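In: below are the sequence and a predicted model; questions follow.
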Amino acid sequence: MGPFRDATESIEAEAAALAAQRRAELPGVPAGYDSLFVRRAGRIAFGVTGTLGAAVVAIALMYDIDFAPYLLVWSWAVALVAVPIAVLAASFVLRRHLRRAVARTGDPIRDVAALRALDLRALERALAARRAHASYAWPLVAITLLAPHTLQLLVASAWTHEIDLEHFHEWMQATSLFTVHVFFYGVYAAWTFPRQRSIGRPVWIATGLSAVPGILLLGIPPLIVFFTALAIAIGAYLPMRGLMEREMAQAAMAELEA
């Protein structure tokens, strides 16, 4: 009995020491906006909320509800407000995951094996990796849906020196009617962008799609789509590709240092 009791006590002592050591490491794990997991959660929240807002705008246009331009503006506002809320929530979720990882199960043998293998920073990176694609794609989907009419509203406002949301509803209806298929393609291009990372190709495809039936309207819709898509590509897709490359490089560096 003695040797078995001593071995059990030894394993229990090691489990307790490892648990204390891992708990001491908790403050060193990136938290808040320093955490890749948290930043990605914030971007997903922006994208999902903005996409839902765009869906509400589309329904308003479909049913000829004349405050669709106001909904467009509010969609941006709500999407931006969703970011800090998601950051706070994700920070709490991350800390809960980490605390669970260092918690004892009551089985010292199992605890020793788990706590020896536990790398809290690697766990944070693994949680973030699961959300990588969504954190790049969802914001682009939202921007692809919301930005075209937003850019056109800004151009019209600069041209007339006033923001006329009341009458912009008619423009939104007309342009959406002739380019609804382009919006569908835009969603596809945005969602697949993290894998394909092509910027110029979607611009030309969207322009080509708008030529049907846009070519019947003196080619004006294709011109509008081209310049709008180009602005979105430069203002959103290009920075997103740079962000992807930076985060991938940081992840690779962290793996080498681990």
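Out: Perfect, I can see it now.
In: CA only for contacts and neighbour counts going forward, please
Out: Will do.
In: and the helix or strand harbouring residue 146, what does it pack onto?
Out: In the assignment (DSSP states H and E), residue 146 maps to helix 132-160. With contacts defined as 3 or more Cα pairs under 8 Å, 6 or more residues apart in numbering; DSSP states H and E, the packing partners of helix 132-160 are helix 36-62, helix 68-102, helix 165-196, helix 220-232.
In: most neighbours per residue, which of these?
Out: Comparing the helices and strands packed on helix 132-160 on average neighbours per residue, with mean count of other Cα atoms under 10 Å, the densest one is helix 36-62 at a mean of 23.
In: next, the angle from whichever strand or helix holds residue 248 to helix 220-232.
Out: Taking DSSP H and E as the definition, residue 248 sits inside helix 238-257. For helix 238-257 against helix 220-232, the angle by axes from the mean of the first three to the mean of the last three Cα atoms, to 10 degrees is 30 degrees.
In: could we number from 322 for the rest of this?
Out: Sure thing, new numbering starts at 322, so read that last one as helix 559-578.
In: and helix 559-578, what's its mean pLDDT?
Out: The average pLDDT within helix 559-578 is 87.
In: what residues sit buried inside that helix?
Out: Neighbour-count burial for helix 559-578, with 16 or more other Cα atoms under 10 Å as criterion, is recorded at 559, 561, 562, 565, 572.
In: which one of those residues is nearest to residue 418?
Out: residue 572 (19.7 Å; Cα to Cα).
In: list the contacts of the spatially closest residue to the closest one that is not a sequence neighbour.
Out: Leaving aside its chain neighbours, residue 572 sits nearest to residue 446 (7.5 Å; criterion: Cα to Cα, 6 or more residues apart in numbering). Each residue near residue 446 by Cα atoms under 8 Å, 6 or more residues apart in numbering is listed here: 357, 358, 572.
In: same deal with residue 558?
Out: Applying Cα under 8 Å, 6+ apart, the residues near residue 558 are 461, 520.
In: one more: the one 5 residues further on?
Out: Counting by Cα under 8 Å, 6+ apart, residue 563 makes contact with nothing.
In: rerun at 10 Å
Out: Counting by Cα atoms under 10 Å, 6 or more residues apart in numbering, residue 563 touches residue 569.
In: quickly note the distance from it to residue 549.
Out: Separation of residue 563 from residue 549 (Cα to Cα, to the nearest Å): 21 Å.
In: and if you look at residue 570?
Out: Taken as Cα to Cα, the span from residue 570 to residue 549 is 31 Å.
In: ok, and what's touching the lowest-mean-pLDDT helix or strand in the chain?
Out: Sorting the helices and strands of the chain by mean pLDDT, DSSP states H and E puts helix 323-346 at the bottom, at a mean of 79. Contact with helix 323-346 is made by 419-420, 422-425, 427-437, 439-442, as judged by Cα under 10 Å, 6+ apart.
In: would you mark the buried spots in that helix?
Out: Buried positions in helix 323-346, judged by neighbour count with 16+ other Cα under 10 Å: 332, 333, 335, 336, 337, 339, 340, 343, 344.
In: cheers, nothing more for now.
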